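Engineer: Pasting a predicted model and its sequence here:
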Amino acid sequence: MKEDESQDALNDVTHGDYKYGFVTNIEMDTIPKGLSEDTVRLLSAKKGEPEYMLEFRLHAYRKWLEMPMPDWAHLNIPEIDFQAISYYAAPKQSDKKSIDDVDPELLATFNKLGIPLEEQLALAGVAVDAVFDSVSVKTTMQEKLSELGIIFCPISEAVHKHPELVKQYLGKSVPTTDNYFSALNSAVFSDGSFVYIPKGVRCPVEISTYFRINAKDTGQFERTLIVADEGAYVSYLEGCTAPMRDENQLHAAVVEIVILDNAEVKYSTVQNWYPGDKNGKGGIYNFVTKRALLKGVNSKVSWTQVETGSAITWKYPSCILLGDNSVGEFYSVALTNNFQQADTGSKMIHLGKNTRSTIISKGISAGQSQNSYRGLVKVMKNASNSRNFTQCDSLLLGDKCGAHTWPYINVLNKSSIVEHEATTSKISDDQLFYCQQRGLNSEVAIGLIVNGYAREVLNKLPMEFAVEAQKLLAISLEGSVG
Amino acid sequence: MNKSEIYPVFAQLTKAAEKQNAGLDLWDGRDNAFHSFLSDGFPHSKMEKWRNTDLSTFLSKEYSYVENTDPVSDVDINQVFHCEIHNFETSLFTLLNGAYVYNTSPLTILGNGVIAGSLRNVWSEYPELVNRYLGQLTENNLNGLVSLNSALGTAGFFIFVPDNVVVEKPVQLVNLVNTEVNPFLQIRNLIVLGKNSKLTFVQCDDSVNDKNSFLNVANEFHIAEGAALEHYKLQNKDDSAVMVNTSFFGLQRNARLLTNTITFNGGTTRNESVVNLDGEGAEANILGLYLVDRKQHVDNQVVVRHNAPHCNSNELFKGIVDDDASVAFNGHIIVLPGAQKTNAFQSNKNILLTDTAKVSTKPFLEIYADDVKCSHGATIGQLDENALFYLKQRGLCDSNARMLLMYAFAEEVIREISIESLHERTADMVSRRLNGELSICDQCVLHCSYEKPMEFEIDITKI
């Protein structure tokens, strides 16, 4: 095969541009930079939160001060100045009862991102909560859902309207002091979605939250809480983008899912934060704690993620399989290009009997990026007859990038079976030759092979998302294949 | 901040280091190594690589630091030990409590230029040879025990095989511990293979009584261009023994290595192998088998660094874990930038027999080159119920059927032993071990010499 030609094609494929990098000019209400107890109090006051939330935040803040920044990940994290960030930025707006009250500039922004907020335009079957910097600007289909008893609202609203649920479930699957970033998030979280599906209800539409960072010198600290009561089902989608800036911005989110008996949650993410430019300048630092607590028997969670954005990704969606017969699944495609760094994977903690978990992780590294899978499978003594299967494959496109696998496996009983396998390779010349021989040019061939490689995961995504994710993979790879 | 000062043996170590500085002028770098030990301290379970092996309870015990004594000649080794392998013709060398035991001379020099014997003696006779190799592969920053060994481990075994020499007879090194005190030992072995040479090296670690013992062994293997080393390590220690074994392998162009570590018994055994593939076309096969029960603990750590292109590495570690035993495995393949056309495979398989046994495995891949084929696999499970049923249906009783399956599981590692007599003997020991025999007679594990190999019996009454 002609090395040069394929190199060129690879470059073409991996040098695509980030198309969500625009900035919306809108009047903002921000608080001064810096982080202290006063900031936390101010933030809580701005949101008019009840006393119990302020307590929650202050407790988290004090714990955070005592914690060291984690350094175990295979990431080169420049020092983050937590005092140089403004912890609250909200577009100025009036009461947003109807669509007419939402700033047209905001609507235009979300339309441009492909997220129509007008009810009549909303894709049938998707309810959207749009979060712009620190606040939720619009939640669609709320009324329709409430007829079924489903609560879908910004978490800042849930704190007021459903304090008993928030008190019962907030901080249960991700304890405040779980890690450095979850403590930080608990102290300063701004907005996010709250979803509650009552007993026996199968949510008829996909529920989705779209996160957008817009303001400069801010961070986004969103918090999502999903509760599926007995026998409930919901499919939840999450998407995110940010403008192109030379400075790095911090995003530290917490997602908590609590699942009771016989309930099921499907959580899909397409993470497309601004990854920085081709020289590694700018980009979002993405430190996310996501965890599902499978409290009930026969409960099930399925995490699917497509990670293409962010300068640094530190993210381990996990499952605590507490209920007997509970099932945890994790499907991931992580693509890094240029100078991106990703350290991502999953944790499966088997506590209940007959619990099952699956991890399928596909890493793709291009440019000078570093892409790591890091996972933990732990089967406790009482989790008899548990089963885990893990497969993590890495694909290398270029000789300057790195692909790493750091699995941890601990088994403490005799009736469980745990399997792990991983491979690392580049696209084989044979595969490329085969495709080219059939008349595909090398760029198309590489795209085809990469898509085929990620297919197992992409198939798990809801349809609209799957189409978007495929395109996204192609764009993110644009100009990198070689 | 290291807390090594709290351990009783620490004072003895500092005293030994001072004494050594004042006295013998041995090889360079001991001073630095000791400083590095002082700053790192003993490895502790907060260290990533030591999370599964906690030495603190052992280090808290009273040990007597055994000064590295000069070679001894007044011991009749046959009185304390005879590890008989039928038809296994070897050149036998022995270390007793760290000291080299000899009959006629502390150094054996053969006509073809092979030098074998006491490391301390070879240093005084051929200092340039020792200085050229000793410590060159050792990474003192790996952990405190390695630097401690570099500082104080001045006695041990040495073998030098000159260029183009094929050593026909396998060389066997028996490392025995038999003292009335609770020994704390530093043993250092240096093995050098010249270009295109060939050596089979069998290391046996045994203890004869069940005193608390703490062995810190460091091995260096220099394998020059085109040379081939076959290395077997048979470990059969008592339950109160702690052994930390660190081996550094350096492979030059087209060098070949086969290293097979079989752990039958041992209170706490840790084997760490660091394999550097420094020359193009080098190939390393790293195998291991561990059969543990009661409260035994085995920790295998393997680091394979592909520093040059066109190298192959293959790792296979298997183990059966019974009772309250625990095992850990950490394989780490590192492919450096530029090490293209690398093939690196790693596999760790475990059978867990009880709910109180523990297995922890971490198969790592760290890859910075793209034209590579790397894979790893790890499994933790049980005996296949279908296979068990099949065998029982053919008339084997439950325990024999289980044993046969366990044996078959272990056989994948054993069959890589190319010396027939050693293979037979190991296979026999594994069968006995699985049958519970070796662990029953703790006190006299090594005194028995079996006449008849172990056979699987089919229980006729069950048919």
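Structural biologist: It's in.

Engineer: rest of the way, CA atoms for contacts and neighbours
Structural biologist: Fine.

Engineer: A:Val327 and B:Lys198, how far apart?
Structural biologist: Distance, A:Val327 to B:Lys198, by C-alpha to C-alpha, to the nearest Å: 54 Å.

Engineer: between the two, which one's more packed in?
Structural biologist: Comparing A:Val327 with B:Lys198 by other C-alpha atoms under 10 Å in any protein chain shown, the one with more neighbours is A:Val327, at 28 against 24.

Engineer: Just checking the helix or strand harbouring A:Lys362 against chain B, any contact.
Structural biologist: Per DSSP states H and E, A:Lys362 falls inside strand A:356-366. No: no part of strand A:356-366 sits near chain B under the criterion C-alpha under 8 Å from any C-alpha of the partner chain; the closest distance found is 9.5 Å.

Engineer: Tell me the strands beside that strand, with direction?
Structural biologist: Note on strand A:356-366: by DSSP bridges, its sheet partners are strand A:327-336 (parallel), strand A:387-397 (parallel).

Engineer: Just tell me which of those strands ends up closest to A:Ser190.
Structural biologist: Closest of the strands paired with strand A:356-366 to A:Ser190 is strand A:327-336, at 26.9 Å (criterion: C-alpha to C-alpha).

Engineer: what are the ranges of the helices in the chain?
Structural biologist: In the absence of a named chain, this looks at chain A. Secondary structure of chain A (DSSP state H): helices at A:3-14, A:37-46, A:51-66, A:104-112, A:142-146, A:155-161, A:163-169, A:180-188, A:429-437, A:442-458, A:463-477.

Engineer: try chain B instead
Structural biologist: Remark: helices assigned in chain B by DSSP H are B:9-22, B:30-40, B:56-59, B:77-80, B:119-125, B:127-133, B:144-152, B:385-393, B:398-414, B:420-434, B:437-440.

Engineer: Packing partners of the longest one?
Structural biologist: Here helix B:398-414 is seen to pack against strand B:283-292, strand B:312-321, helix B:385-393, helix B:420-434 when contacts are counted using 3 or more C-alpha pairs under 8 Å, 6 or more residues apart in numbering or on different chains; DSSP states H and E.

Engineer: any low-confidence regions in the stretch 101-250 of chain A?
Structural biologist: Scanning the stretch 101-250 of chain A with the threshold set as pLDDT under 70 gives A:101-102, A:113-126.

Engineer: Report how many residues lie close to the closest residue to chain B within it.
Structural biologist: Closest to chain B within the stretch 101-250 of chain A is A:Asn179: 17.3 Å, counting by C-alpha to the nearest C-alpha. Other residues within reach of A:Asn179, judged by other C-alpha under 10 Å, total 18.

Engineer: And for B:Gln346?
Structural biologist: Neighbourhood size, B:Gln346 [other C-alpha under 10 Å]: 26.

Engineer: Which residues are in contact with it?
Structural biologist: By C-alpha atoms under 8 Å, 6 or more residues apart in numbering or on different chains, the contact set of B:Gln346 is B:Asn314, B:Glu315, B:Leu316, B:Gly331, B:Pro363, B:Ser375, B:His376, B:Gly377.

Engineer: what number of residues lie near residue 57?
Structural biologist: You didn't say which chain, so I picked chain A. Residues near A:Arg57, counting by other C-alpha under 10 Å, number 25.

Engineer: think we crossed wires, I meant chain B
Structural biologist: Per other C-alpha under 10 Å, the neighbour tally for B:Thr57 reads 8.

Engineer: What separation do you get for it and chain A?
Structural biologist: As defined by C-alpha to the nearest C-alpha, to the nearest Å, B:Thr57 lies at a distance of 22 Å from chain A.

Engineer: Near chain A, which residues of chain B are found?
Structural biologist: Taking C-alpha under 8 Å from any C-alpha as the contact definition, chain B meets chain A at B:337-338, B:352-382.

Engineer: In strands only, show me those residues.
Structural biologist: B:352, B:358-367, B:372-381 (DSSP state E).

Engineer: Deepest-packed of the helices of chain A, please.
Structural biologist: helix A:180-188 (a mean of 26; mean count of other C-alpha atoms under 10 Å in any protein chain shown).

Engineer: and that helix, what does it pack onto?
Structural biologist: helix A:37-46, helix A:51-66, strand A:248-259, strand A:283-294.

Engineer: quick one: contacts of it?
Structural biologist: Outside helix A:180-188, the residues that touch it by C-alpha under 8 Å, 6+ apart are A:40, A:43, A:56-61, A:63-64, A:67-70, A:87, A:174-177, A:221-223, A:252-254, A:287-289.

Engineer: switch the cut-off to 7 Å
Structural biologist: With C-alpha atoms under 7 Å, 6 or more residues apart in numbering or on different chains as the contact definition, helix A:180-188 has outside contacts at A:40, A:57-58, A:60-61, A:63-64, A:67-70, A:87, A:176-177, A:221, A:252-254, A:287, A:289.

Engineer: try stretch B:202-219
Structural biologist: B:145-146, B:149, B:171-178, B:182-190, B:231-238, B:240-248, B:443.

Engineer: Which one of the helices of chain A lies nearest to B:Asn141?
Structural biologist: B:Asn141 lies closest, by C-alpha to C-alpha, to one member of those: helix A:180-188, at 29.1 Å.

Engineer: circling back: next, format the strands paired with strand A:356-366 as a markdown table and append mean pLDDT and distance to B:Arg305.
Structural biologist: Formatted as a markdown table, those follow (pLDDT from 0 to 100; distance: least, C-alpha to C-alpha, whole Å):
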| stretch | mean pLDDT | distance to B:Arg305 |
| --- | --- | --- |
| strand A:327-336 | 92 | 24 |
| strand A:387-397 | 91 | 19 |
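
Engineer: Ranking the ones you listed by mean neighbour count, which comes first?
Structural biologist: The highest mean neighbour count among those, using mean count of other C-alpha under 10 Å, belongs to strand A:327-336: a mean of 27.

Engineer: just how off-centre is it within its chain?
Structural biologist: For strand A:327-336, the separation from the chain centroid amounts to 11 Å (computed by C-alpha atoms, centre = their mean, to the nearest Å).

Engineer: Okay, angle between that strand and helix A:463-477 too, please.
Structural biologist: 30 degrees (axes from the mean of the first three to the mean of the last three C-alpha atoms, to 10 degrees).

Engineer: Spit out the contact partners of B:Gln235.
Structural biologist: Applying C-alpha under 7 Å, 6+ apart, we find B:Gln235 in contact with B:Cys204, B:Asp205, B:Asp206, B:Ile262, B:Thr263, B:Phe264, B:Asn265.

Engineer: now A:Lys315: how far from chain B?
Structural biologist: As defined by C-alpha to the nearest C-alpha, A:Lys315 lies at a distance of 19 Å from chain B.

Engineer: which parts of chain A sit against chain B?
Structural biologist: A:381, A:396-426 (C-alpha under 7 Å from any C-alpha of the partner chain).

Engineer: Buried subset of these as a ChimeraX selection?
Structural biologist: This is how ChimeraX selects the buried members of those, with burial counted by 16 or more other C-alpha atoms under 10 Å in any protein chain shown:
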select /A:381,396,397,398,399,400,401,402,403,404,405,406,407,408,409,410,411,412,413,414,415,416,417,418,419,420,421,422,423,424,425,426
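
Engineer: Which of the residues of chain A next to chain B fall in strands?
Structural biologist: A:396-397, A:402-411, A:417-426.

Engineer: hmm, back to that, can you give the contact residues for the strand holding A:Lys362?
Structural biologist: Residues contacting strand A:356-366 (C-alpha under 7 Å, 6+ apart): A:326-338, A:348, A:371, A:386-398, A:401-403, A:454, A:480.

Engineer: at 6 Å what do you get?
Structural biologist: For strand A:356-366, the external contacting residues (C-alpha atoms under 6 Å, 6 or more residues apart in numbering or on different chains) are A:327-337, A:386-398, A:401.

Engineer: next one: stretch A:25-42
Structural biologist: With C-alpha under 6 Å, 6+ apart, stretch A:25-42 has contacts from A:Gln83, A:Ala84, A:Ile85, A:Ser86, A:Tyr88, A:Ala89, A:Ala90, A:Pro91, A:Lys92.
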